[in-house]
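Participant: Coordinates only, no sequence provided:
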């Protein structure tokens, strides 16, 4: 029928339908319309007009017609949709019961199969955001893993790394992965693009290599090089996430427990056996205090233990940016200076990367001191060589993106000592300069925390390719540079 | 338009509408359609058909058209509905914040005004069912009171009584109200009909008097007699309850905190200053254990204190039915035998009624011993006289309903001592006999708890007016009489 009801499945019956008592189906409950294996669940509208739907016909809204996918005129059946079998379980959770593994799986299955009404899913998620025991978090992680993309590997030990994010410039994955792969462990890393930050690992890697890999291509890169740095967009798509995010985001439900189930379910599905998690804490990140970060770390490790993953989670300081550049190409430049062992490579980026690579290498029973082994692989050039190989295998960009051709200094307005950098503010200025869409855009720090500086000396450069963007960034920096001088 | 969308407000725009960019309005967000003070909030469907809605027209589903209440052809405006001002407050509650009085009032107002989406209301109610502080419960009680029916009285002290229900035969209101009114306090009591039980106070009172009183009529009865026993159906209708119940009931959300806000908000609106609450506890009622009943009683009293009500809440034993009859007319017979001071009147019914009347009379500073005063008013016949007056003022039934004309004995199948009565079972048998629709139907106990009984002697009579109903009740009693004999 020529009615666009957006994503609602609506079916239209004539009030005097000769087959079904049409008005009896009005209300919030749905009907199932089926022919063979094609089936949709729809709400009923009743028409009082002979011109549109015949008394022995069912009309469908455009979206419902497309979803059902049958030609016009097909004979179909209509019956009242029965509540999902797991409804009593869901109601139990809403009332405060603890769910077991099978119960959690049943609820998730019926959510993904669109068997619930929206109000039931909302009630379940709000209840779960308030009350989930450790064993429920483990059960939910397992249940979600069943709907994530699965990888199978020819090895038992597969390592991975995840960061909760929030620290500008902390591009350590691009150093950790080549070190670990050079050692001989397999680390199939997938990363996100920036959502609210100036750069994600996928944005940075994309300056020099393809990151949008099909599952088979990713598999081949890891088999050949031991590691990859790919975009997770297509690979980690999950219908459970789709449903959950569509409800939790507009309602502002921000549950760390639900986040842990999402993250670890994908690591399970990706075939990981060992995962290290970076939990930056500080003002401006999701985790403000060290004690919160420690609690979250303990939760990650406990959930991992219950689902068969070795998880080590490490709170890290997020009070300052890491490295010198903020923005995709500037961060790649810093990464390369570390991989090349440049004497002036940013030591904070290097040391944090060695910490995480060291934890991972420590899982190898043949390694005495993981961190020493990581340093050796970096200093010998083995990590750099492995990174070049990964770039070649993923698809080297013929013209790598470098820092932008325009640069403006932001100057200190007073003399004193640099005592801090406001991560949120400088990331926001880097975004105004064009990052991450303009991969060459961002901020390049000239004065480190602890440095003594005079009024009129440069604090950082704003870099990019679009004059108008840089002007906007400069004007924001003039207002509030994000650098604290005392 | 000839489309019945049930309770959904749907408006239809032509895809090539010349006034509004119709497809931009598709989605879960709503639009406001208005003309002067008439306004509705509706979802948009887009039509690809020139025959139905013109390019400068807005079509409305039947329910939307009826709600808007304007004649066809009226010029209206359409704008995107803005999220309610209180959305950030609601999201805060979902995330775990505590709401203050003004915030709670804002959320409730926007809920009642249909400004929220269903998912937002569900999220709020689930969150509230999990986490409500005492001050939030008080705030919610005050906010709900603004939407309940308000009575204004010419006195400052207005007393009331409420029961959480669940005890068959506990018809004490019909004794407490005339005692209190005879003393001279005003007690405008409204009661429910049976929902799942065999009789509510309104069902019982209706055997002898009109109970469906308009607010003015109720006011007049109380002014003249000091008390009334009316049906609360029309009087305590609240749009907040409508919205909340439509969500909490199907989801099985059974929150005592929300229940307390509902009950006390109505007492506030009814103009009460003092309320006594009966909290029966035992198997088969909402409150299984004494400790739970004590907690609930403390909650009632604390919430009352915060909203300016003197509340005394009393846990009472609900392990056995009270009185001899179960069912409207049988319970009225028991009430009258107490009011008449018959020597064989059920003493449990009499004593419980005196306990509650005593608490209420104790609020009178001129009364030393409330219970003794209550007993005196009962024994002197003043309570009976007052009850007759209330019946006359509410509207005496020309033909009062008495116990049914058919009666069958249910016999003991073994000899021993009666050690208990299963309240839930005997109420269910009374309902099969026809109660509460057949007001003469129910159960009449012949053997009390503690009595020694021989196999073949009668345990109780099943009473009613419809042979088929009594047969069904008898067959249920044969299966399981509900009387424990040891």
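Facilitator: Arrived safely, thanks for sending. None of these values were measured; they are calculated from a predicted model. Residues are numbered from 1 along each chain as shown, chains lettered A, B, ... in the order given.

Participant: Might you enumerate the residues of the stretch 101-250 of chain A proximal to chain B?
Facilitator: A:118, A:119, A:120, A:122, A:123, A:126, A:127, A:129, A:130, A:131, A:247, A:250 (CB under 8 Å from any CB of the partner chain). To be clear about C-beta, it is placed using only N, CA and C from the backbone, and glycine gets the same treatment.

Participant: And the host helix or strand of residue A:473, what does it pack against?
Facilitator: Taking DSSP states H and E as the criterion, residue A:473 maps to helix A:467-479. With contacts taken as 3 or more CB pairs under 8 Å, 6 or more residues apart in numbering or on different chains; DSSP states H and E, helix A:467-479 sits against strand A:406-411, helix A:423-432, strand A:458-464.

Participant: quick revisit: filter the residues of the stretch 101-250 of chain A next to chain B down to just the ones in helices.
Facilitator: Residues of those located in helices (DSSP state H): A:118, A:119, A:120, A:122, A:123, A:126, A:127, A:129, A:130, A:247, A:250.

Participant: Take those residues and write them to a markdown table, including neighbour count and pLDDT.
Facilitator: Output for those, formatted as a markdown table (neighbours: other CB atoms under 10 Å in any protein chain shown; pLDDT from 0 to 100):
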| residue | neighbour count | pLDDT |
| --- | --- | --- |
| A:118 | 16 | 85 |
| A:119 | 20 | 89 |
| A:120 | 23 | 93 |
| A:122 | 29 | 94 |
| A:123 | 29 | 96 |
| A:126 | 27 | 95 |
| A:127 | 24 | 95 |
| A:129 | 23 | 93 |
| A:130 | 18 | 93 |
| A:247 | 20 | 88 |
| A:250 | 16 | 85 |
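
Participant: So of the residues you listed, which two are at opposite extremes in space?
Facilitator: Among these, the pair separated by the greatest distance (CB to CB) is A:118 and A:130, at 18.8 Å.

Participant: Apart from its neighbours in sequence, what residue is nearest the one residue in the stretch 201-350 of chain A that gets nearest to chain B?
Facilitator: Closest approach of the stretch 201-350 of chain A to chain B (CB to the nearest CB) occurs at residue A:252, with a separation of 4.0 Å. Leaving out its chain neighbours, the residue that sits closest to residue A:252 by CB to CB, 6 or more residues apart in numbering or on different chains is residue B:91, at 4.0 Å.

Participant: And the one you found, which helix or strand is it part of?
Facilitator: Per DSSP H and E: helix B:87-95 holds residue B:91.

Participant: Can you confirm whether the helix or strand following that helix lies near chain A?
Facilitator: On the C-terminal side of helix B:87-95, the closest following helix or strand by DSSP H and E is helix B:101-112. No - for helix B:101-112, no contact with chain A is found by CB under 8 Å from any CB; the gap never falls below 13.6 Å.

Participant: Point out where the stretch 351-486 of chain A drops to low pLDDT.
Facilitator: Regions of the stretch 351-486 of chain A meeting the criterion pLDDT under 70 are absent.

Participant: Most proximal residue of it with respect to chain B?
Facilitator: For the stretch 351-486 of chain A, CB to the nearest CB, closest residue to chain B: residue A:424, 20.0 Å.

Participant: okay but that residue is in contact with residue A:284, surely?
Facilitator: Yes - assessed by CB atoms under 8 Å, residue A:424 is found in contact with residue A:284 at 4.0 Å.

Participant: Pull up the overlap in contacts between the two.
Facilitator: Common neighbours of residue A:424 and residue A:284 are not found (criterion: CB atoms under 8 Å, 6 or more residues apart in numbering or on different chains).

Participant: Residue A:64 - that's part of a strand, no?
Facilitator: No - secondary structure of residue A:64 (DSSP: H, G, I helix; E, B strand; the rest coil): helix, not part of a strand.

Participant: what number of residues lie near the residue nearest to it when sequence neighbours are not counted?
Facilitator: Of all residues not flanking residue A:64 in the chain, residue A:9 sits nearest, at 4.0 Å (CB to CB, 6+ apart). Per other CB atoms under 10 Å in any protein chain shown, the neighbour tally for residue A:9 reads 21.

Participant: Might you report the residue contacts of residue A:9?
Facilitator: A:30, A:40, A:41, A:42, A:43, A:60, A:61, A:63, A:64, A:67.

Participant: Quick check: phi and psi at the second one.
Facilitator: Geometry field for residue A:40 lists phi and psi as phi -130, psi 160, criterion degrees, to the nearest 10.

Participant: Could you give the bridge partners of it?
Facilitator: Judged by DSSP bridges, the bridge partners of residue A:40 are residue A:33.

Participant: Between the two ends of stretch A:195-214, how far is it?
Facilitator: Distance between the two ends of stretch A:195-214: 22 Å, counting by CA to CA, to the nearest Å.

Participant: what's the average pLDDT for that stretch?
Facilitator: For stretch A:195-214, the mean pLDDT works out to 95.

Participant: distance between it and the chain's centre?
Facilitator: Put simply, stretch A:195-214 sits 12 Å off its chain's centre (CA atoms, centre = their mean, to the nearest Å).

Participant: Tell me the buried residues in that stretch?
Facilitator: A:197-211, A:213 (16 or more other CB atoms under 10 Å in any protein chain shown).

Participant: Identify the farthest-apart pair in those.
Facilitator: Farthest pair in these, by CB to CB: A:198 and A:213, 23.6 Å.

Participant: re the thing from before, report the inter-axis angle for the helix holding residue B:91 versus helix A:118-130.
Facilitator: Calculated by axes from the mean of the first three to the mean of the last three CA atoms, to 10 degrees, helix B:87-95 forms an angle of 60 degrees with helix A:118-130.

Participant: Do a quick rundown of the strands in the stretch 301-450 of chain A.
Facilitator: In the stretch 301-450 of chain A, the strands defined using DSSP state E, counting those that start in this stretch lie at A:310-317, A:325-326, A:406-411, A:416-421, A:442-445.

Participant: ok, and what's touching the shortest one?
Facilitator: Applying CB under 8 Å, 6+ apart, the external contacts of strand A:325-326 come out as A:168-169, A:198-199, A:331, A:333-334, A:403, A:426-427, A:430, A:435, A:442-445.
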